[in-house]
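Enquirer: requesting a structural model of the entry that follows:
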Amino acid sequence: MSRRRALAVPPLVLALLALLGCATHPAIEQRTTEGPAAEQFFLYTVVLQNGREPTFEERQTWQDALDQKISGYLREHPEAANSLAVSKFRALRQATVGMTKEQIRILLGAPSETVTDRERLEKLARKYWPDIRDRSAEAWLYPLGWTFYFDGDRLVDITQYRP
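Expert: Next up is the predicted model:
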């Protein structure tokens, strides 16, 4: 009986530590030129959907598929293959100001929401609105509080807010 109780305690302890970690996690409010890497969102999605990290095979399948998407994009857009930002796109697979909507969609997938309403854009940008207001007409929302601001087809700003 005591052996069974000892086995039941670790999950409870882990759950309490996880809750404590969430409660003490500092708020994040930042404006940056470099957003999350594609792998961060892949890991987040798998953990959210399956409650576990991806297996080696799942990770490899995802990496191969992303490599194919990136290579296809660069074949269709040879001018992008020569840009300075291509290393962020191809090697680091990280969202970066200056990328196109298609590049962001390849790296991070479709946004959870698209916003064009000016009042809503202002609320999303928070204290950074004075710097963003004249350069952005659209925002894409992603998990973990990431917001990507576009002027036409170009990513012009990135913010993250997580209370």
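
Enquirer: quick one, what contacts the most centrally placed residue in the chain?
Expert: The centroid of the chain falls nearest to P36 when counting by Cα atoms, centre = their mean (4.6 Å). Contacts for P36 (Cβ atoms under 8 Å, 6 or more residues apart in numbering) come out as 94-95, 108, 142, 144, 146. Using the backbone N, CA and C atoms, a C-beta is placed for each residue, glycine as well.

Enquirer: one more: A38?
Expert: 66, 93-95, 107-108.

Enquirer: which other helices and strands contact the lengthiest strand in the chain?
Expert: In terms of residue count, the longest strand belonging to the chain (DSSP state E) is strand 154-162. With contacts taken as 3 or more Cβ pairs under 8 Å, 6 or more residues apart in numbering; DSSP states H and E, strand 154-162 sits against strand 28-32, strand 34-37, strand 94-96, helix 118-125, helix 129-132, strand 146-151.

Enquirer: so, low pLDDT: which residues of this structure?
Expert: 1-25 (pLDDT under 70).

Enquirer: returning to that earlier point: let's have the helices and strands packed on strand 154-162 in CSV, adding distance to I70.
Expert: Output for those, formatted as CSV (distance: least, Cβ to Cβ, whole Å):
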stretch, distance to I70
strand 28-32, 22
strand 34-37, 13
strand 94-96, 12
helix 118-125, 28
helix 129-132, 28
strand 146-151, 18
